[in-house]
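Colleague: Need coordinates for the following:
(2 chains)
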Amino acid sequence: MIGAYVLITAKSGAEKQVLEKLRKYKEITDARIVYGEYDIIAKIQVPDISDLNDFLLEKVRSLDIEKTSTLIVAA
Amino acid sequence: MVTAYMLIVSESGAEKQIIDELLDLDAVEEADIIYGEYDIIARLSVTDVTKLGDFVLENIRPISGVKRTSTLIAAEHQ
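Modeller: Prediction:
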């Protein structure tokens, strides 16, 4: 399994809606709205790195999001 | 309870020792070494936000090898 944290800057006002959509995905093990330099932090677990790529591109980045930064957990 | 995520930039080579010290702290629920713009991420839980400040200043920032931290406090009632 590959773990990753995604730091998300949401479109202003879209934070709750983005959070609710993220929490519906089984790959997301933890997601919260935060104060600071990002708006949402989400932890993802997927079987391998290609699944991470698909998940981020197809499911996360299609939401009302401006910017993401993905931090992959070292094995 | 207040949850916060700490993004930590460490001195090169100090990552594992910092993780070990973090995981010894009761307030640290989870800590991972990561690739990217930060080296370590830790999830903390403290009773209130004033404790968070003390905890970070007294317990995390003095850990040898910690260069820079960014704290993201989770909004309540989620």
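
Colleague: Going along the chain, name the strands of chain B.
Modeller: Using DSSP state E, the strands found in chain B span residues B:2-10, B:28-35, B:40-46, B:66-74.

Colleague: Tell me which of those lies nearest to residue B:58.
Modeller: Residue B:58 sits nearest to strand B:40-46 of all those, at 11.8 Å, using Cβ to Cβ. Placement of C-beta: from N, CA and C, glycine included.

Colleague: picking up where we left off before, dump the strands of chain B into TSV; add mean neighbour count, distance to chain A and mean pLDDT as well.
Modeller: Below are the strands of chain B laid out as TSV (neighbours: other Cβ atoms under 10 Å in any protein chain shown; distance: least, Cβ to the nearest Cβ, whole Å; pLDDT from 0 to 100):
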stretch	mean neighbour count	distance to chain A	mean pLDDT
strand B:2-10	21	5	96
strand B:28-35	17	4	97
strand B:40-46	21	6	96
strand B:66-74	17	4	95
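
Colleague: Next one, pLDDT for residue A:67 please.
Modeller: pLDDT, residue A:67: 95.

Colleague: Which residue or residues pair with residue A:6 through a beta bridge?
Modeller: residue A:42, residue A:70 (DSSP bridges).

Colleague: check contacts around residue A:22.
Modeller: A:28, A:31, A:40, A:42, A:60, A:63 (Cβ atoms under 8 Å, 6 or more residues apart in numbering or on different chains).

Colleague: now with 6 Å?
Modeller: Contacts for residue A:22 were tallied using Cβ atoms under 6 Å, 6 or more residues apart in numbering or on different chains; they are A:28, A:31, A:42.

Colleague: what's near enough to touch the last one?
Modeller: Same thing as residue A:42. Contacts of residue A:42 (Cβ under 6 Å, 6+ apart): A:6, A:22, A:28, A:31.

Colleague: and if we set it to 7 Å?
Modeller: A:6, A:8, A:22, A:28, A:30, A:31 (Cβ atoms under 7 Å, 6 or more residues apart in numbering or on different chains).

Colleague: This completes my enquiry, with thanks.
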